[in-house]
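>>> below: sequence and its predicted model.
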Amino acid sequence: RQVEYPGMFRPCTLGSLLSNLAVGKSGLSADAGVDMHLIGLARERAMEVIEVESMESQMQLLTGFPPEVQEYLLRSGLEVEAAAAGMRALYDAWKVGDMETLAGLGETVPDEAMDEAEKAALDLYNTGLITERNKLMSDAAEDFLTEGRRVFYVVGAMHMVGGDGIVQQLADRGYSVRRV
């Protein structure tokens, strides 16, 4: 069946609104994230800020997912309390530098109650949202390195950890990477 979603009522847009609700319930604030803080400090010091990916590209990614992925995300977004607890756990692990827990939290795995279509949608979502973006971000970081540019590179915590995270990808390319 084909469902048309006008403009702002696409499932991914509604899912984003639910995600914002979960952030609020978690006691955290998207406006108080480390990335926003560091960007603010850079701008105060008139330092150049380069976007590796724009908000527009992120929205294109989300709206570009097939309807079954968007609908899965909307259904899972309805579990606001669980999402809020997950965000809080992510923050707590990040705060103490627990990379193993962060990597585990980043692995959205299918549960037994999911049918094959939902599992396929989840796999497509994980590939697009994390794996493919990690490759693009790793390529951008390597470009800065090969150009000899000194940059302070800021990305979300989930892009740093795991076997396909930016840190591992750069290490696999021969770079020495260490956490500071």
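Good, I have the coordinates.

>>> pLDDT below threshold where in this structure?
Flagging of the chain using pLDDT under 70 yields the residue ranges 1-9, 107-111.

>>> buried ones in the helix or strand hosting residue 119?
Residue 119 belongs to helix 116-126 when elements are defined using DSSP states H and E. Burial within helix 116-126, assessed by neighbour count using 16 or more other C-beta atoms under 10 Å, is assigned to 118, 120, 121, 122, 125, 126. Glycine gets a C-beta too; all of them are placed from N, C-alpha and C.

>>> surely the fourth one touches residue 116?
No. Here residue 122 does not reach residue 116: they are 10.7 Å apart, not a contact under C-beta atoms under 8 Å.

>>> sorry, back to before: figure out how far the helix holding residue 119 is from the centre of its chain.
Using C-alpha atoms, centre = their mean, to the nearest Å, the mean C-alpha position of helix 116-126 is found 16 Å from that of the whole chain.

>>> any idea which helix or strand comes after it?
Counting by DSSP H and E, the next helix or strand C-terminal to helix 116-126 is helix 132-146.

>>> OK, contacts around residue 159?
Contacts here follow C-beta atoms under 8 Å, 6 or more residues apart in numbering; on that basis residue 159 touches 130, 133, 134, 137, 165, 166.

>>> now, among those, which is nearest to residue 21?
Of all the contacts of residue 159, residue 130 has the smallest distance to residue 21: 22.4 Å, by C-beta to C-beta.

>>> what residues of stretch 98-116 count as buried?
When burial is assessed from 16+ other C-beta under 10 Å, stretch 98-116 yields the following buried residues: 99, 101, 102, 103, 105, 106.

>>> what does that stretch contact?
By C-beta under 8 Å, 6+ apart, stretch 98-116 touches 86, 89-90, 93-94, 118-119, 122-123, 125-126, 130, 157-158, 160-162, 165, 179.

>>> and if you look at stretch 145-152?
Stretch 145-152 is touched from outside by 38, 42, 50, 144, 175, with contacts defined as C-beta under 8 Å, 6+ apart.

>>> would you turn those residues into JSON lines with distance to residue 77 and neighbour count?
As requested, the contacts of stretch 145-152 are arranged in JSON lines below (distance: C-beta to C-beta, whole Å; neighbours: other C-beta atoms under 10 Å):
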{"residue": "38", "distance to residue 77": "28", "neighbour count": "14"}
{"residue": "42", "distance to residue 77": "32", "neighbour count": "15"}
{"residue": "50", "distance to residue 77": "31", "neighbour count": "10"}
{"residue": "144", "distance to residue 77": "35", "neighbour count": "14"}
{"residue": "175", "distance to residue 77": "37", "neighbour count": "13"}
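
>>> in helices, which of these appear?
Taking DSSP state H as the definition of helices, the contacts of stretch 145-152 contribute 38, 42, 144.
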